[in-house]
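*Asks:* sharing a sequence plus its predicted fold:
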Amino acid sequence: MKPRLATLSVLALTLLIGATYPVLAQDHDHAPAADSDGAAMMASFMQASTPGPQHELLASGAGDWNLETKMWMDPSAEPMVSQATAHREMIMGGRYLVEEVSGDVMGMAFSGHSTAGYDNVTGKYWNIWIDNMSTGIMSSTGTYDEVSKTFTYMGESSDPMMGKVIKVKTVIHQVSADEEVMTMYMIQGGEEIQTMEITWRRAGS
């Protein structure tokens, strides 16, 4: 960071702390210990904003990928199969993983975008997805199991066929450094109905 930009960043953060500290101090249950120079508040901000091992895990997925998608409109029928490509990269100093997907669905050009991260404050992974076949978003939060190398996200998405927001579950299994399998479910009446399976293979592997 250039010296001038660093100075401006520190100044902005100092002003933010100065503006919020009196308000927080009124809440005695949540106020930090008295600290005239705001060191405790600064430490909290730094801890919340510093990338950690969870962000490094997300970064391991950066690169170019080939996708094979299986989609079920009817669980009892054969799935529709399509191909796509994706590019992933970390932004903002390794804090967020952005993903651009291009392909075709039912003969129509498809493009999608997601941003994923890990919130140091909530201790949760999160993902927001948008694409050109809707005008809404799919927003999810989840966890990662190191033993099975699996992300499990729970979220909500607007369903154009049902005309309402539905609950969705996404499971991402890291088969290897070069392969992932993403399985998506729609949740109805407490039942998980598989709607999609996407196999990701790193380009050139």
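*Replies:* Cool, got the structure.

*Asks:* can you show me the strands along this protein?
*Replies:* 63-71, 80-91, 96-105, 108-119, 124-131, 138-145, 150-159, 164-176, 179-188, 191-202 (DSSP state E).

*Asks:* other SSEs contacting the third one?
*Replies:* Spelled out, that is strand 96-105. If contacts are counted by 3 or more CB pairs under 8 Å, 6 or more residues apart in numbering; DSSP states H and E, strand 96-105 sits against helix 53-59, strand 63-71, strand 80-91, strand 108-119. (C-beta placed from N, C-alpha, C; glycine too.)

*Asks:* dump those to TSV, plus distance to Gly38 and mean neighbour count.
*Replies:* As requested, those are exported to TSV (distance: least, CB to CB, whole Å; neighbours: other CB atoms under 10 Å):
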stretch	distance to Gly38	mean neighbour count
helix 53-59	26	16
strand 63-71	41	17
strand 80-91	29	15
strand 108-119	23	16
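
*Asks:* would you mind telling me which of those is nearest Trp200?
*Replies:* Nearest to Trp200, of all the helices and strands packed on strand 96-105, is strand 63-71, at 4.9 Å by CB to CB.

*Asks:* could you check the angle strand 179-188 makes with that closest one?
*Replies:* For strand 63-71 against strand 179-188, the angle by axes from the mean of the first three to the mean of the last three CA atoms, to 10 degrees is 40 degrees.

*Asks:* model confidence over strand 63-71, on average?
*Replies:* Strand 63-71 carries an average pLDDT of 97.

*Asks:* neighbouring strands for that strand, and are they parallel or not?
*Replies:* strand 80-91 (antiparallel), strand 191-202 (antiparallel) (DSSP bridges).

*Asks:* that older thread, save the helices and strands packed on strand 96-105 as CSV, and put in distance to Thr141 too.
*Replies:* Formatted as CSV, the helices and strands packed on strand 96-105 follow (distance: least, CB to CB, whole Å):
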stretch, distance to Thr141
helix 53-59, 13
strand 63-71, 23
strand 80-91, 19
strand 108-119, 8
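
*Asks:* among these, which is nearest Phe45?
*Replies:* Closest to Phe45 of the helices and strands packed on strand 96-105, according to CB to CB: strand 108-119, at 14.0 Å.

*Asks:* can you list the low-confidence ranges for this structure?
*Replies:* In the predicted model, the chain carries pLDDT under 70 at residues 1-37.

*Asks:* care to break it down by domain?
*Replies:* Domain segmentation of the chain under automatic domain parsing yields 3-49, 55-202.

*Asks:* deepest in the core, which of these is it.
*Replies:* Sort the domains of the chain by mean neighbour count, taking mean count of other CB atoms under 10 Å, and domain 55-202 sits at the top with a mean of 15.

*Asks:* ends of it, how far apart?
*Replies:* End-to-end distance for domain 55-202: 19 Å, by CA to CA, to the nearest Å.

*Asks:* ditto for stretch 131-139
*Replies:* End-to-end distance of stretch 131-139 (CA to CA): 13 Å.

*Asks:* how distant is that stretch from the center of its chain?
*Replies:* 14 Å (CA atoms, centre = their mean, to the nearest Å).
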